[in-house]
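Peer 1: Just need the structure, nothing else, for what follows:
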Amino acid sequence: MGIISWIILGLLAGAIAKFLLPGRDPGGFIGTTLIGIVGAFLGGWISARWLGHPFTKDFYDGTTWLAAIGGSLVLLIAYRLLFGNSRD
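Peer 2: Residues are numbered from 1 along each chain as shown. Have a look, this model is predicted:
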């Protein structure tokens, strides 16, 4: 996958993570995109490192999507724990 594919995957994974964990979050579209992109890389790294599923070059691989969404969820939860009350 190219860098554009990773950005698109990250954007969609971040949006899905925000859909699964609704609520007020600091950051808007840019924050969602960044959390999704970093989460996609984090999820892929965790999947390859500890779960024995190497990276694939296929954009439509379900495991890649699950790893990206899982990584985005982890980052979104951490982001809320660290900065969740900053908008109050």
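Peer 1: Tell me which residue is most central in this structure.
Peer 2: Ser72 (2.5 Å; C-alpha atoms, centre = their mean).
Peer 1: so that one touches Leu34, yeah?
Peer 2: No: Ser72 is beyond contact range of Leu34, at 10.2 Å (criterion: C-beta atoms under 8 Å). To be clear about C-beta, it is placed using only N, CA and C from the backbone, and glycine gets the same treatment.
Peer 1: which residues are common contacts for these two?
Peer 2: Residues touching both Ser72 and Leu34 (C-beta atoms under 8 Å, 6 or more residues apart in numbering) are Gly14.
Peer 1: helix or strand right after the helix or strand of the chain with the lowest mean pLDDT?
Peer 2: In the chain, the helix or strand scored least confidently by mean pLDDT, DSSP states H and E is helix 29-50, which has a mean of 78. Going down the chain from helix 29-50, the next helix or strand is helix 62-83, by DSSP states H and E.
Peer 1: Give the buried residues for that following helix.
Peer 2: By 16 or more other C-beta atoms under 10 Å, the buried positions in helix 62-83 come out as 63-65, 67-76, 79.
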